[in-house]
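Novice: Sequence and computational prediction follow.
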Amino acid sequence: MGVAKKIPQHILGLFQCFGIGLLLLSLTRLLFFFFNINAFSNWQFTDFLAGVWFDCITLGIYFIPLYGLTLLPIPWRGYKLYKVLHASLFVLTITVLLFFNLMDIEYFAFTSKRSTSDLFDVLGAGNDINQLLTTFIKDFWLLILFFIGFLFLGIRLYLKKIALGESTFTNIKPRFFITNTLYFLVLTPLLLIVGRGGLGYRPAGVLTATRFTVVENTAIVLNTPFTIIKSLSKEGIKNPNYFKSQEELYAYFTTTKKLNSTTKLPENTNVMVIILESFGNEWLGKKENKVGYTPFLDSLLDHSLYFPNAFANGKKSIEAVPAIFGGIPSLMDNPYITSQYGTNKIETLITQLKKRGYSSAFYHGATNGSMKFNEFSELAGFDQYVGRTEYNNENHADATWGILDEYFNPWTAKQVSTISEPFIAGLFTLSSHHPYFVPKEWKNKLPKEAEPMSQSIAYGDVSLKLFFEEAKKHEWFNRTLFVLLADHTPAGTSIFYQHRLGMYGIPIAFYHPKSLIEPSISSQLIDQADIYPTLMDWLTNETEMYAFGQSVDAKEENTAIYYLEGTYYYLKHDYLMTFAQNEAQNLYNYKTDTMLYYDSISFFPKLKNEMELELKAMIQVYSQDLISNQMTLK
């Protein structure tokens, strides 16, 4: 108490503001953890201690305006205007902190990472945020109550505890400027050091969290206000220059891929790519060996070349489309479409087939402009984008996203008949997206809800059946190769599907009505970026192409890759390697150790070195090609 009395009131008040902020961030971290506890199967108490340090760094950044107002040696603390400004700055700051942290409690279930500044790009793509606002308020009302409660707690503590000092222009003494200038000169650097995260050469960043915990638990250590502000100033990816010569670089990885298929389809075969919103493996009866919510898709897979060991390249719809049609995996914090590289010159499946006389169309029942798919479809070479506007019947719309699948899917099958053959067409479904709207007339016809999204998956499966029932009526059907896959996985409901391996597992299948692609189940490891070169291999006579993936018929190695929150995940054969801070972190046999409990990196140094060099080369090629806009065959 004696020490506290010796500290000036305004300095003590500043520390008290910091303490209130730290309390609120800690409470929201605990809430985040308990809401998403299944995603952190091997958490440690030290994760939360490290989290307190990152909260201090966050407050060191966000409270900078408050520091300036409080510490500037100006005798204005007794004035009403100063007190109003001080209170306003404090309330505004904790409002922002609480909003971001509480928002991610639910959003984390979909993205499996703390949100970064790309969230604003995604939400700003089209009119999605305006359409979804009322739905979010209805579905996440509990978080709104927590927000109001924590904000009330912060304001109450501020009003009860914070002392601002009494100095005014009328009672100023010369000593005031001396002592307050000293406080300013001493405390300002200290607070800025806290905001940097220490005296290191570089300020603390998102990747710094990997020093304190395993990569799977970085979301516990971090907080969302920190990850957002740290990603705001990012200008783009940097070339890591792991390899000094291009010869050495391309010895480990090259985007010039050889095509040497043994399976060729008839000339001018049509292609229909059907991207099923959120159809992750968890909901697939075929994958889970049970009667599930996808009986029609399961039956279709029996007549397809089906890859159960397949992975998405990202966790968002906006990341899936470039990977599928352009073979561009999402290996950076910002989705390719909304990044500064989104207008790069690229070759896609559409531009390649257009050279061979193909027409093209992309169908998506959402509001035109959603996820910027209309813009990317144009960049990718599609002749036309067909969405909610072109459907032009709001009686068939849901309450948020757009036209319901049961109407849009069969309508798309009819519309495909209006474009000339051969064609390449894409259909992106939407009804199995949050808020998982299912029309009331279907509620009693579908399996009872086990989870909020379960009936919407079943509804999406029925709608897929309606598409094929309509497509079979048209002549183009038997001349068409169908590619079926998910864009990404939804929020997992079991521990495995909330973990870093299961959260990327999706179905990928190729179906031809005349079985020109022989139906079978392949154990081959593939990802979304392999679809483009595979179709080029089957449909053209090209001998090589630019691609990050590889044709399933020409694959030299079984590999897949994805990226999340500063960490790369590289799968090869039976092993998964995590890579962060410019070096391999872990190595797991994901086939036997599905929950990634047992790190084998010290037991297999040769495999670790081999995979690390390959991944470093892939990262460097990806970075330099994006930066130099050289994403075409050289």
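Specialist: Nice, thanks for sending it over.
Novice: Neighbours of S359, how many?
Specialist: Applying other Cβ atoms under 10 Å, we find 19 other residues in the vicinity of S359. Backbone N, C-alpha and C define where each C-beta goes, glycine included.
Novice: I'd say it and S420 touch.
Specialist: Yes - checked against Cβ atoms under 8 Å, the pair S359 and S420 is within contact range at 4.9 Å.
Novice: where along the stretch 451-600 of the chain do the helices fall?
Specialist: For the stretch 451-600 of the chain, the helices defined by DSSP state H, counting those that start in this stretch occupy 454-471, 531-539.
Novice: Of the ones you listed, flag the one that's most buried.
Specialist: With neighbours defined by mean count of other Cβ atoms under 10 Å, none of these is more surrounded on average than helix 531-539, at a mean of 25.
Novice: tell me what that helix is packed against?
Specialist: Packed against helix 531-539 by the contact rule (3 or more Cβ pairs under 8 Å, 6 or more residues apart in numbering; DSSP states H and E) you find strand 270-276, helix 317-326, helix 349-354, strand 480-486.
Novice: Go through these and name the closest to L14.
Specialist: Among these, the nearest to L14 by Cβ to Cβ is helix 317-326 (41.4 Å).
Novice: residue ranges of the helices in the stretch 51-200 of the chain, please?
Specialist: Read by DSSP H, counting those that start in this stretch, the stretch 51-200 of the chain holds these helices, from start to end of the chain: 64-71, 80-111, 118-123, 128-139, 141-161, 174-196.
Novice: Can you name the residues in contact with the fifth one?
Specialist: Just to be clear, that refers to helix 141-161. Outside of helix 141-161, the residues within contact range by Cβ atoms under 8 Å, 6 or more residues apart in numbering are 13, 16-17, 20-21, 23-24, 27-28, 31, 87, 90-91, 94-95, 98-99, 102-103, 105-106, 137.
Novice: Look up the residues forming beta bridges with I403.
Specialist: In this structure, I403 bridges to A397 when assessed by DSSP bridges.
Novice: Show me what counts as buried in stretch 17-31.
Specialist: The neighbour-count criterion (16 or more other Cβ atoms under 10 Å) identifies C17, F18, I20, G21, L24, L25, L27, T28, R29, L31 as the buried residues of stretch 17-31.
Novice: Render the CA-only coordinates of that stretch in PDB, please.
Specialist: Extracted as PDB, the C-alpha positions of stretch 17-31 are listed here (Å, rounded to 0.1, in the frame of the first residue of the first chain):
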ATOM      1  CA  CYS A  17      -6.200  -0.100 -17.000                       C
ATOM      2  CA  PHE A  18      -3.500  -2.600 -18.200                       C
ATOM      3  CA  GLY A  19      -4.600  -5.000 -15.400                       C
ATOM      4  CA  ILE A  20      -8.200  -4.800 -16.400                       C
ATOM      5  CA  GLY A  21      -7.300  -5.400 -20.000                       C
ATOM      6  CA  LEU A  22      -5.200  -8.400 -19.000                       C
ATOM      7  CA  LEU A  23      -8.100  -9.800 -16.900                       C
ATOM      8  CA  LEU A  24     -10.600  -9.500 -19.800                       C
ATOM      9  CA  LEU A  25      -8.200 -11.100 -22.300                       C
ATOM     10  CA  SER A  26      -7.500 -14.000 -19.900                       C
ATOM     11  CA  LEU A  27     -11.200 -14.600 -19.400                       C
ATOM     12  CA  THR A  28     -11.900 -14.600 -23.100                       C
ATOM     13  CA  ARG A  29      -9.000 -17.000 -23.600                       C
ATOM     14  CA  LEU A  30     -10.500 -19.500 -21.100                       C
ATOM     15  CA  LEU A  31     -13.800 -19.200 -22.800                       C
END
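Novice: Which residues does it contact?
Specialist: The set of residues external to stretch 17-31 that reach it, using Cβ under 8 Å, 6+ apart, is 48, 51-52, 55-56, 58-59, 62-63, 66, 90, 93-94, 97-98, 101-102, 105, 146, 150, 153-154, 157-158, 161-162, 220, 223, 225.
Novice: Next, count neighbours for P295.
Specialist: For P295, the tally of surrounding residues (other Cβ under 10 Å) stands at 16.
Novice: no wait, S522
Specialist: Here the count is done by other Cβ under 10 Å, and S522 has 16 residues near it.
Novice: can you pull the contacts of it?
Specialist: Contacts for S522 were tallied using Cβ under 8 Å, 6+ apart; they are L305, Y306, F307, N309, V552.
Novice: closest to A509 among the residues you listed?
Specialist: Using Cβ to Cβ, Y306 is the member of these that sits closest to A509, with 4.4 Å.
Novice: just checking, the closest one is part of a strand?
Specialist: Yes - according to DSSP: H, G, I helix; E, B strand; the rest coil, the state of Y306 is that of a strand.
Novice: Number the residues from 8 up from this point.
Specialist: Taking 8 as the first residue, the last one we looked at is Y313.
Novice: Give me the distance between the residue nearest to H495 when sequence neighbours are not counted and I513.
Specialist: What sits nearest to H495 in space, not counting adjacent residues and going by Cβ to Cβ, 6 or more residues apart in numbering, is A319, at 4.7 Å. A319 sits 5 Å away from I513, taking Cβ to Cβ, to the nearest Å as the criterion.
Novice: Check L437 too.
Specialist: Computed with Cβ to Cβ, the distance linking L437 and I513 is 17 Å.
Novice: so F70 makes contact with V103?
Specialist: No - here F70 lies out of contact with V103, judged by Cβ under 8 Å, at a distance of 11.2 Å.
Novice: Between those two, which is the more surrounded one?
Specialist: Per other Cβ under 10 Å, whichever of F70 and V103 has more neighbours is F70, with 24 against 14.
Novice: Contact partners for that one?
Specialist: Counting by Cβ under 8 Å, 6+ apart, the residues that F70 touches are C24, F25, G28, T100, L198.
Novice: and what of V393?
Specialist: Residues counted as contacts of V393 (Cβ under 8 Å, 6+ apart) are A368, F369, Y370, H371, T419, Q422.
Novice: which among the residues you listed gets closest to I244?
Specialist: The shortest separation between I244 and any of those is 27.0 Å, and it belongs to F369 (by Cβ to Cβ).
Novice: That closest one: what secondary structure?
Specialist: When the structure is reduced to helix, strand and coil (three-state DSSP), F369 reads as strand.
Novice: Now do the contacts for it.
Specialist: If a contact means Cβ under 8 Å, 6+ apart, then F369 has F380, S384, A387, F389, Q391, Y392, V393, A432, G433, F435 as its contacts.
Novice: Inside helices: which ones of those?
Specialist: Using DSSP state H, the members of those that fall in helices are F380, S384, A387.
Novice: and the last one, what is it in contact with?
Specialist: Under the criterion of Cβ under 8 Å, 6+ apart, the neighbours of A387 are V328, P329, F332, G333, I353, T355, I357, T358, F369.
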